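Participant: Sequence first, predicted model second:
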Amino acid sequence: MAKKEQKKIERNKKDINKKKHTKTKGQEVMKSLDKENNVSAKKALTMLLIVIAIVAIVYLVAALVMGDISLKKDTPSATIQYENILAGSTFKQHDKEYIVVYYDFEGTDASRIETAITNYDSTDSAKALYRVDLSLKQNQVYTTDQTSNKNPTKATDLKIKGSTLIYIKDGKVNTYIEGVDKIEDYLK
């Protein structure tokens, strides 16, 4: 009997071990579903990231095309002004008739001359007007403390003494005026 009982005990152990290693069909189905859910979740997350990336790329491209976003650094646009010239280019302007006013831009008479120029520019009959800053080093070679040359024919002939206005017509000096009061009167 002992052998029979021993065989029974061994069979029971084998059955217990088999039960441990074998899973029920329900457990296998659940494990399979878990794997599928994990795969589905990973696929869904991947798809979501791809959609977000596509939307972001489309937005950036559209913003670049529309000018909302710029890849360039904002640099101030360069503007060329033609009003202020150097004394050496007095006779090199392209206008047939023009006025050149010579004065120290930061001198005591600057505001009076600027006001006269502004008023003159606002008139309908205003001719091209150029300004020369006598305080600039490049222009000081054309200034003098002695007698001015009132009939220059080229830049090297210029001898400007203080605030001066020259009206040039067809490349020649037509009018030569010295002094702030006379410049203001001429520009009225």
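Facilitator: That came in fine, so what should we check first?

Participant: Strands of this protein, start to end?
Facilitator: Taking DSSP state E, the strands of the chain run over residues 97-103, 128-133, 164-169, 172-178.

Participant: Minimum distance to Asn149: which of the ones you listed has it?
Facilitator: Closest approach to Asn149 among the strands of the chain is made by strand 172-178 (8.8 Å; CB to CB). (Each C-beta comes from the backbone N, C-alpha and C, glycine too.)

Participant: now the angle between strand 164-169 and the closest one, please.
Facilitator: Angle, strand 172-178 to strand 164-169, by axes from the mean of the first three to the mean of the last three CA atoms, to 10 degrees: 160 degrees.

Participant: which stretches of the protein aren't confidently modelled?
Facilitator: By pLDDT under 70, the weakly predicted segments of the chain are 1-4, 9, 12-39, 73-82.

Participant: can I see the domain layout of this protein?
Facilitator: Domain ranges of the chain: 2-66, 87-186, per automatic domain parsing.

Participant: Would you mind finding the most buried of the ones you listed?
Facilitator: domain 87-186 (a mean of 15; mean count of other CB atoms under 10 Å).

Participant: How far does that one sit from its chain's centre?
Facilitator: In terms of CA atoms, centre = their mean, to the nearest Å, the centre of domain 87-186 is found 35 Å from the chain centre.

Participant: Look at that domain and report the distance between its end residues.
Facilitator: 20 Å (CA to CA, to the nearest Å).

Participant: Could you do stretch 121-134 as well?
Facilitator: Start-to-end span of stretch 121-134 (CA to CA) is 21 Å.

Participant: again with stretch 158-170
Facilitator: Using CA to CA, the end-to-end distance of stretch 158-170 comes to 17 Å.

Participant: Can you tell me what sits against stretch 158-177?
Facilitator: With contacts defined as CB atoms under 8 Å, 6 or more residues apart in numbering, stretch 158-177 is touched by 87, 90-91, 93, 96-104, 107, 109, 113, 127, 132, 134, 142-153, 178-180, 182-183, 186-187.

Participant: what about the helices in this protein?
Facilitator: 2-21, 25-66, 110-121, 180-186 (DSSP state H).

Participant: For the shortest one, give me every contacting residue.
Facilitator: Read it as helix 180-186. Val101, Tyr103, Asp109, Arg112, Ile113, Ala116, Ser163, Thr164, Leu165, Thr175, Ile177.
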